[in-house]
Structures are given as C-alpha cells and as structure tokens.
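S.K.: The following block contains a protein sequence and its predicted model.
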Amino acid sequence: MSKIIRIKSISVQSLLSIIAIMFLIFFIAIMADIFKSANTIFLLIQIVFVPLFSILVLFLFYDLFGTRHTSFLLTIYDDLVQRIFFIYFGLYSILLLILCLSLKTIYEDFNVLVGFSLLLSQILLFSSIFLFLFMIISDISITISLMALYLSIELATFGANRLLYHAFYFNLHTPMSFSTIINIFIINLTLGLISFRLCKSIVTFN
Amino acid sequence: MIKISNLSKTIRRKVILDNINAELSGITGIIGPNGAGKTTLMEIIASVQKADSKSIITYNNNNRKVKIGYLPQNFNIYPNLTVGQVIELIASLKKAYHKVYIEQLIDQMNLELYRDVKLKKLSGGTLQRVGIVQALLNKPDYLIIDEPTTGLDIIEAIKLRESLLSLKDEVEIIISSHIPEDIASICDNLLVIKEGKKIYDGDINQLISKTSNTTYEGIINRSELNSANSMGRLVRVEPLDSNQVKVRLVTNNPLNNNCFHKVEADFLSGYINLLEGDYNV
C-alpha cells in the first residue's frame, strides 16, 4: 500500500505542494495573530482547505473516472479505492488538526473538538459529493467548476442563499460550540455518508 | 483454451454481439471491420464487461483460478508518471509486485532505457510495450490485447509483433485488430466477426485455402482499374510507375484475361473475400 500512496502522491505532487504552501501560510498567519477572531480565520480555513481536499481526491482518482478506462481500472483497483481515500482522508485530517490546535494556542475561546469535527464533516461531504459527480460526468473541469460556483455563491451571499444548502459555518461573532454547529455537522455527515455510499456502489457495482 | 458459448451483448437495445460460439487457443486473432464488436468481445473475455445472461465463457485452466492480463486500446492512462512508476503502481494495485519478475519483463520488452521516461514522451510502440508489461504483471494464463498496433508506424508495429511472438510459449494470447497484417503475422487461429456476428472461426491457413484457386494477379494500366474492379474483388493495388499498377483480385469466376494469372492466395485475399463474400465458412 505504501508504494501505491507514494506513486499516487507523485501524480498529484503539484496539488500537494499547493496544500503544503497554504498550510504554512495559514500556520504562520495563526501564530502571528493577524486576525481579530478565531471565527474569521476558521472561516478562511473552511473555504480554502475543504475544496482543496475535494480537488485532491478528484485528481487522485482521475485515472479511474477521467479517462476512458474506468471498467478496466476498476478490475485492477478492486477494494483499494476506499483504502486510498481513507488514507488520504486520515493524513489530511492530521493537517487540519494541527491548524485547529494552533488556533487554540492563540485564541483561547476556540473549541478544537468542535472545529475539527466540523472540518471533518465538511471534507467528507465535499469530497464524496464531488467525487460522485465526477464519476457520473467523467469531466474534472466541469466538476471543479461546479464546486467553484457553489463556493462563489456561498461567499457572495455569506451563506444566505435560500436555494442552497450551507455546509460552512459563516458566523463570525458567536464562538463555535456543539450547539451552534450541530445542525451543519449532522447534515454534512449524513449527506457525506450517503454520497460516499453512492460512490462505493459505483466502484463495487452493487 | 477459452470456450465461448452463446455469447451475446446488448447495450440499450442495440445488439453488439449476437450469439457467438467459438474456441480460442494458441495465439488467436479476432478481426473484423471497425464497429464489428471486437472491443466489446475482448472486454467480456477479459472480465472487464459482463455479457448477457445466457452467455458462457469457459477458461480451460485445470480448475485453478484463471488469471487474465488485459491491455486496452490507447493505453495512456498515466502520462505524467514514468515507465518505472506506472509499472510499480499497477503491480502494487494488482497485488503482484515481484521485483525480479518485473525486471525480467522490462528486459524482455526492451524497456530498460525508458524506465525514467514519462509516458507522455514515449512513442506509440514503446507505450504499447509498457502496456504489455502491465498486462503480464500478474503472470496471466491469458493475455488479451485490444488493437495493439493502431496508430503505430510500420517499424513500431513490426517490433511490437516480434515482442508478442516472444511471449508465445509463456501465455495464450488473444489479439484483436482491424489490420490484417497483425493477424497474419502473429496468429495461428482466427475469429472473424462482422456486425456482431461470427463469420469465421478456425485455422488461418484453412481460410487462405478457400481462396487458393480464386486469386489472380496482373499488371494493368491505371485507366483499367475500374474494369478490373468489376471482374472481382480488388484486394491489393501496387503502383509500379505513373501509368501501370500491379493488382491482385479475388473472383469465383475463372478469368480469361491475358493480363491476369493465378497466384497463391494470402491472408488478405481470404479475409476480404470472407468479409465481402456471401458465404459463411
């Protein structure tokens, strides 16, 4: 498995470099205490790191769903799609946990468990939904465009568009607690798991 | 040997393959015009696609689990990875990473010099050889190769055929192509399909012998090509100079024309006669 992860990482090394740079920028920004509140920087973390993971997953499985060899490659990948997904999910979670812990060191009112849980539910939701879309439309640029469209609308309306589901926490004033994020967390998790199951059914044909 | 019984495939009510029965052994060539259903048949044999419910494919493998190596058309899945990385990745995905065996395959397919070259920089022939290596990684009983020489120049095509012939004793090979030279130079047996139906299944020489008394060759003026075409099926036209051409044609009617003489039939004559003829063999 380590060989697969190593070579898969080579295939997405530009994106991994971007993620590493963004991580460093955010880490330094947090430590330099340049934001007024934890909520402001947490919102930026959501907007940047959640879509980045989703794009990473799309490129990780580009060979499977973006080329014309889906049926052939599925016979080779077998059960490995899930395992590869969860390994990257786990590694990315560590990155997010470090950011949350660093936030806690500067902003005492920031709840690490709440912030981290919300981010996990968001990366599960985004990566599963857009991977499912990618599996159906087999076009990575359209998939990423749809993601960018959703993000743009959410940012432009600050999570107030009535037609869309709001996966992000936009409140900049109220400190985050389980009671303030519980609805978003549960819906993100539920939709994320449903999308993941749909992806799995396509990969395993059942 | 692979035995195919009542194999059919329908996609959105369109019949792609229609009740195909055949036995494939040795190096078998599956040939037919574009759109005949070759790729679908190859994918079904390679277990990449499912056939309709009553279809049966039996792999004669002494009750061992059958292992299949498959090379699809246009194997250019990882353009930004090097040859070494692609082979390592697919070997790991197939859970068949054996360093010594991989080195042996790289050596056998003459890929040593290309180990650190990205796939997008390889020529078509070299890319196909990488594809063959990936198909052989799990030491398959059957190697199934779809249209391997499409898009290759003649030198690359010849090299690839030689590479395939070098595997003859190690694995049973099934190769599909719409290029008769591929089949004639590599295969022992033949399955010809046209519009999803089998029109020939058997020995190549037997197919050639069917046209042995009906193949003629002659030198004519270019202006006579139309009339030659009306005498039979033109299978080859070779320009000699600005005025004359050497033509080969197949006809069931004896030719009483001084320009033409009987010649030994070849695969192309037999194949074209089969495709355009009215009979099934």
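M.R.: Cool, the structure landed. No experiment lies behind these values; they were computed from the predicted model shown.
S.K.: is chain B contacted by the helix or strand hosting A:Cys100?
M.R.: Assigned by DSSP states H and E, A:Cys100 belongs to helix A:80-106. Yes: using C-beta under 8 Å from any C-beta of the partner chain, helix A:80-106 reaches chain B at A:Leu80. No exception for glycine: its C-beta is placed from N, CA and C like everyone else's.
S.K.: Just give me how far that helix sits from the chain centre.
M.R.: On the basis of C-alpha atoms, centre = their mean, to the nearest Å, helix A:80-106 is displaced by 10 Å from the centre of the chain it belongs to.
S.K.: Check whether the spatially most central residue of chain A sits in a helix, strand or coil.
M.R.: Against the mean C-alpha coordinate of chain A, by C-alpha atoms, centre = their mean, the closest residue is A:Ile123 at 2.8 Å. Using DSSP: H, G, I helix; E, B strand; the rest coil, the structure places A:Ile123 in helix.
S.K.: quick one, what contacts it?
M.R.: For A:Ile123, the contacting residues are A:49-50, A:53-54, A:89, A:92-93, A:96, by C-beta atoms under 8 Å, 6 or more residues apart in numbering or on different chains.
S.K.: sorry, back to before: show the secondary-structure elements that the helix holding A:Cys100 is packed against.
M.R.: Under the contact definition 3 or more C-beta pairs under 8 Å, 6 or more residues apart in numbering or on different chains; DSSP states H and E, helix A:80-106 sits against helix A:2-11, helix A:13-31, helix A:38-60, helix A:112-137, helix A:178-204.
S.K.: and those as TSV, adding mean pLDDT?
M.R.: As requested, the helices and strands packed on helix A:80-106 are exported to TSV (pLDDT from 0 to 100):
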stretch	mean pLDDT
helix A:2-11	87
helix A:13-31	93
helix A:38-60	93
helix A:112-137	93
helix A:178-204	88
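S.K.: between the ones you listed, which one is nearest to A:Arg68?
M.R.: helix A:112-137 (13.9 Å; C-beta to C-beta).
S.K.: Check the offset of the closest one from the chain's centre.
M.R.: Remark: helix A:112-137 is offset 5 Å from the chain centroid, using C-alpha atoms, centre = their mean.
S.K.: ok, back up a step: closest to chain B among the contacts of A:Ile123?
M.R.: Nearest to chain B among the contacts of A:Ile123: A:Phe89, at 19.0 Å, using C-beta to the nearest C-beta.
S.K.: residues in contact with that closest one?
M.R.: A:53, A:123-124, A:127.
S.K.: Next: B:Asn221.
M.R.: Per C-beta under 8 Å, 6+ apart, neighbours of B:Asn221: B:243-245.
S.K.: give me that answer again for 7 Å
M.R.: Going by C-beta atoms under 7 Å, 6 or more residues apart in numbering or on different chains, B:Asn221 touches B:243-244.
S.K.: what do you get for B:Arg236?
M.R.: Contacts for B:Arg236 (C-beta under 7 Å, 6+ apart) come out as B:247-248, B:268.
S.K.: Can you pull the residues of chain A lying near chain B?
M.R.: Residues of chain A lying close to chain B by C-beta under 7 Å from any C-beta of the partner chain are A:3-4, A:7, A:10-11, A:63, A:67, A:69, A:71-72, A:75-77, A:80.
S.K.: What are the buried residues along stretch A:170-188?
M.R.: Residues of stretch A:170-188 classed as buried: A:170, A:176, A:180-181, A:184-185, A:188 (neighbour count, 16 or more other C-beta atoms under 10 Å in any protein chain shown).
S.K.: closest to chain B among those residues?
M.R.: A:Asn188 (31.1 Å).
S.K.: Quick check, the closest one in contact with A:Leu125.
M.R.: Yes: with contact defined as C-beta atoms under 7 Å, A:Asn188 counts as touching A:Leu125 (4.5 Å).
S.K.: Distance to B:Asn258 added to the helices and strands packed on helix A:80-106, as CSV?
M.R.: Formatted as CSV, those follow (distance: least, C-beta to C-beta, whole Å):
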stretch, distance to B:Asn258
helix A:2-11, 66
helix A:13-31, 71
helix A:38-60, 69
helix A:112-137, 65
helix A:178-204, 67
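S.K.: Indicate which one of those is closest to B:Asp107.
M.R.: B:Asp107 lies closest, by C-beta to C-beta, to one member of the helices and strands packed on helix A:80-106: helix A:2-11, at 20.7 Å.
S.K.: and the angle from that closest one to helix A:38-60?
M.R.: 110 degrees (axes from the mean of the first three to the mean of the last three C-alpha atoms, to 10 degrees).
S.K.: Check which helices and strands helix A:2-11 sits against.
M.R.: If contacts are counted by 3 or more C-beta pairs under 7 Å, 6 or more residues apart in numbering or on different chains; DSSP states H and E, helix A:2-11 sits against helix A:80-106, helix B:83-93.
S.K.: where's A:Phe132 relative to A:Val203, distance?
M.R.: 11 Å (C-beta to C-beta, to the nearest Å).
S.K.: Spatially nearest residue to B:Ile175, not counting backbone neighbours?
M.R.: With sequence-adjacent residues excluded and distances taken as C-beta to C-beta, 6 or more residues apart in numbering or on different chains, B:Ile175 is closest to B:Ile145, at 4.8 Å.
S.K.: What count of nearby residues applies to that neighbour?
M.R.: 27 (other C-beta atoms under 10 Å in any protein chain shown).
S.K.: helices and strands around the helix or strand hosting it, which ones?
M.R.: Element membership for B:Ile145 (DSSP H and E) is strand B:142-146. Using 3+ C-beta pairs under 7 Å, 6+ apart, the elements in contact with strand B:142-146 are helix B:38-45, strand B:68-71, strand B:172-177.
S.K.: between the next helix or strand after it and strand B:142-146, how big is the angle?
M.R.: Downstream of strand B:142-146, the next assigned helix or strand under DSSP H and E is helix B:154-165. Orientation note: helix B:154-165 sits at an angle of 160 degrees relative to strand B:142-146 (the same axes, to 10 degrees).
S.K.: Do I have it right that B:Gly196 meets B:Ile20?
M.R.: No: the pair B:Gly196 / B:Ile20 is not scored as a contact, 8.1 Å apart, by C-beta under 7 Å.
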